[in-house]
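Colleague: below: sequence and its predicted model.
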Amino acid sequence: MKNKDGFTLVEIMFAVAIIGLLASIGIPSILHAFENAKDKTKQSHIATIEKAKSMLTLPELVYAYGRSLEDGAEFGEGDYTEENLMACIHTAETLEELKVDDNYLVPGNIGTKAYYTKTQPAYAR
């Protein structure tokens with residue numbers, strides 16, 4: 001009998017089956033991790049905007065800059081502008097930079113929480 005190098009068909013089929021099983025377990029986990037990362041990024045951006053909105057209503061800022069942001073102040077009116085809001089945030093220059101995939105961040109008014117939407121808001125036009 002001659003010694004033959006190589007693998008048998010059964011060995012190759014067994015290896016392919018194991019690789020397929022590992023891939024079927026691993027790929028959904030990786031895709032789920034990407035979605036979780038996007039959600040955490042959105043939550044972080046919303047928290048940043050909420051912090052900036054609260055900074056805009058600090059008594060020291062109202063006194064120093066004459067800002068009178070009251071509950072219900074609409075974004076883009078009076079002193080509640082993108083420029084003033086972004087001045088309180090050091091990680092981004094514009095709200096457009098806080099876009100995640102095709103979702104836009106809407107800062108909301110002073111009394112409501114920021115949120116993400118697929119509809120392009122006025123500041124992004």
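Modeller: Thanks, I have the structure now.
Colleague: what sits against the nearest residue to T81 once chain neighbours are set aside?
Modeller: Nearest residue to T81 in three dimensions, chain neighbours excluded: F75, at 7.9 Å (Cβ to Cβ, 6 or more residues apart in numbering). In short, each C-beta sits where N, CA and C put it, glycine included. Shown in contact with F75 (Cβ atoms under 8 Å, 6 or more residues apart in numbering): 81-82, 85, 106-109, 123.
Colleague: got the phi/psi numbers for F75?
Modeller: When read as degrees, to the nearest 10, the backbone of F75 gives phi -60, psi 130.
Colleague: now the buried members of the contacts of F75.
Modeller: Buried residues within the contacts of F75, counting neighbours by 16 or more other Cβ atoms under 10 Å: 85, 106-109, 123.
Colleague: what is the mean pLDDT for the helix of greatest length in the chain?
Modeller: When the chain is scanned for its longest helix (criterion: DSSP state H), the result is helix 9-56. Model confidence over helix 9-56, given as mean pLDDT, is 92.
Colleague: which other helices and strands contact that helix?
Modeller: The helices and strands touching helix 9-56, judged by 3 or more Cβ pairs under 8 Å, 6 or more residues apart in numbering; DSSP states H and E, are helix 82-87, strand 104-106, strand 115-117.
Colleague: could you redo the last one with a cut-off of 7 Å?
Modeller: The helices and strands touching helix 9-56, judged by 3 or more Cβ pairs under 7 Å, 6 or more residues apart in numbering; DSSP states H and E, are helix 82-87.
Colleague: alpha carbons of the helix it packs on, as CSV, please.
Modeller: C-alpha atoms of helix 82-87 as CSV (Å, rounded to 0.1, in the frame of the first residue of the first chain):
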residue,chain,number,x,y,z
GLU,A,82,-27.6,75.8,16.9
GLU,A,83,-24.7,78.2,17.4
ASN,A,84,-25.4,78.7,21.1
LEU,A,85,-26.2,75.0,21.6
MET,A,86,-23.0,73.8,19.9
ALA,A,87,-20.9,76.3,21.9
